[in-house]
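1. With the sequence up front, the predicted model follows.
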Amino acid sequence: MVEDVATQPIEGLFQLQQSYFATGKTRPLIEREMTLKKLQTLIDEHENDILLALKKDLNKSETEAYMTEIAIIKDEIKHLLKNFKKWAKPKKVKTALTHFGTKGVQVPEPYGTTLVIAPWNYPFQLAVSPMLGAIAAGNTVILKPSELTPNLSAVLVKIVNPHFDSGFLHVVEGGVEETQQLLEQKFDYIFFTGSVPVGKIVMEAASKHLTPVTLELGGKSPCIVHHDVDLSLAAKRVAFGKLTNVGQTCIAPDYLYVHKSIKDDFILELQKAIHRFYGVNPIQNETYGKIVNERHFNRVKSYLKDGKILFGGNVDQTLHKIEPTLISPDRLDSPVMQEEIFGPVLPILEYESIDEVIDFVNGRPKPLALYLFTKDAELQKRITTTISYGGGCINDTLMHIATPYLPFGGVGESGMGNYHGKNSFSTFSHYKSVLKQTNLFDFSFRYPNAKNGLKIIKKLMG
């Protein structure tokens, strides 16, 4: 029976989830499988609702919404269903010489009650994906979607709350107050996706209970275009990465470093790509997205003052739309070069020596993503080995996030921990070490006052 907690305070919901986990109902693999399949069916049944909500909240086109939100989740469910039982098996480890006669295993076990706090920019994908990992690992989940995308939040409630015991899965709507109340509870694991400042608040709250966390944050992700690229193809892929969800993507290229010898030509190719994608008047194009709300619109619009506009720059306050804009920054310490843009404004810098780029990127907080366009294998190796970043692509943008076989996550200020595929299962699992000792014989040298004990120990372990 699905228990109604609509009028129940958050503390009561949390206690209900603790009690539910204590029953052991989430642990059987068959129960996890049934839950994943049930969610799979519910998502299929509510696909049109999801698409409509994304259109209302973010003006996402059906193609973009399906590709970046629904398709990724469907693929993730299939991957989990195919593999999670294998991942859940205890894993044997090698036996050390000093432990002859023993058997060692790592046993994955669920943490318990987990909290997933989701952002507004990909409000379906980034809410459901970590929840799936938590379920596959055998946990209960309270999901807190963003209040900035209320239509999608309501769809998540419709998919989850009427169909699952609230002690197992439950969506909590609301704003800052509800999030603060949730963070006061002693969860066994917290998974947060959002901004760096809020990530620090989440980590501080978690520290009071020593709750482990995964933080999927952001930062200024560089994109480097070397002189040996196919200009048209590279421009098309850069524009795709920057303008998907009108730049409201945590791994979007945040600024562009282009080799001086091709800078002007590359800017022309970027303009052509933008026109091919959205026409000569993107603001009036119904498939071109909008900035999520007034506050974020004004924030992104303010960056247009931070340099010379090379292309674009038009805005529509009523529609919350900003034209794809290429800008040459006035200063490297201007807001457009210091803050994560999260919008369709792309600062362009030039370089002659790749050393300039490496020094510049390494002198800033570690980015969530990095993109490099070049055919030079040595340069590819140099960038990937000398710059620390969460993940990225060579000769493409964004696509590393779409495979369940690559872990996704940040480093330093761009986040900690990772997920997708097996890494989602591992993130929400504690790997318990268990040593099974034999009773057939005993090593007497390990005990106090054993004859020649020290000599034997030095021989075995010295």
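-> Looks like it came in fine.

2. C-alpha only now, for contacts and for neighbours.
-> Will do.

3. can you pull the contacts of the residue nearest the centre of the chain?
-> Central residue of the chain (CA atoms, centre = their mean): Glu216, 4.9 Å from the mean position. Neighbour list for Glu216: Phe191, Phe192, Thr193, Gly194, Gly409, Gly410, Ser414, Gly415, Met416, Gly417, Asn418 [criterion: CA atoms under 8 Å, 6 or more residues apart in numbering].

4. Pull out the buried members of those.
-> Applying 16 or more other CA atoms under 10 Å to those, the neighbour count classes Phe191, Phe192, Thr193, Gly194, Gly409, Gly410, Ser414, Gly415, Gly417, Asn418 as buried.

5. Quick check: next helix or strand after the one helix or strand the first one maps to?
-> In the assignment (DSSP states H and E), Phe191 maps to strand 189-193. Tracing the chain past strand 189-193, the next element assigned as helix or strand by DSSP H and E is helix 196-207.

6. Pull the CA coordinates from that following helix and hand them back as PDB.
-> Below are the C-alpha coordinates for helix 196-207, written out as PDB (Å, rounded to 0.1, in the frame of the first residue of the first chain):
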ATOM      1  CA  VAL A 196      29.500  25.600  -6.300                       C
ATOM      2  CA  PRO A 197      28.100  28.000  -3.600                       C
ATOM      3  CA  VAL A 198      25.100  25.700  -2.900                       C
ATOM      4  CA  GLY A 199      27.400  22.700  -3.000                       C
ATOM      5  CA  LYS A 200      29.400  24.200  -0.200                       C
ATOM      6  CA  ILE A 201      26.200  24.600   1.900                       C
ATOM      7  CA  VAL A 202      25.200  21.000   1.200                       C
ATOM      8  CA  MET A 203      28.700  19.700   2.200                       C
ATOM      9  CA  GLU A 204      28.600  21.800   5.400                       C
ATOM     10  CA  ALA A 205      25.200  20.400   6.400                       C
ATOM     11  CA  ALA A 206      26.400  16.900   5.600                       C
ATOM     12  CA  SER A 207      29.500  17.400   7.700                       C
END
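
7. helices or strands up against it?
-> The helices and strands touching helix 196-207, judged by 3 or more CA pairs under 8 Å, 6 or more residues apart in numbering; DSSP states H and E, are helix 176-183, strand 189-193, strand 213-216.

8. avg pLDDT for the longest one?
-> When pLDDT is averaged over helix 176-183, the result is 96.

9. quick one: contacts of the strand holding Phe191?
-> Here strand 189-193 makes contact (CA under 8 Å, 6+ apart) with 111-119, 126, 130, 199, 202, 206, 211-217, 428.

10. so Ala252 sits right up against Gly219, yeah?
-> No. In this structure, Ala252 is not within contact of Gly219 by CA atoms under 8 Å, at 9.7 Å.

11. Show me which of those two is the more surrounded one.
-> A direct count of neighbours by other CA atoms under 10 Å for Ala252 and Gly219 places Ala252 higher, at 35 against 26.

12. Neighbours of the residue lying closest to the more buried one once chain neighbours are set aside, how many?
-> Distances taken as CA to CA, 6 or more residues apart in numbering place Lys242 nearest to Ala252, at 5.2 Å, with adjacent residues excluded. Using other CA under 10 Å, Lys242 has 26 other residues around it.

13. Which residue ranges of the stretch 201-350 of the chain form helices?
-> Per DSSP state H, counting those that start in this stretch, the stretch 201-350 of the chain carries helices over the ranges 231-243, 263-278, 294-302, 335-338.

14. What is the third one packed up against?
-> Here helix 294-302 is seen to pack against strand 321-322 when contacts are counted using 3+ CA pairs under 8 Å, 6+ apart.
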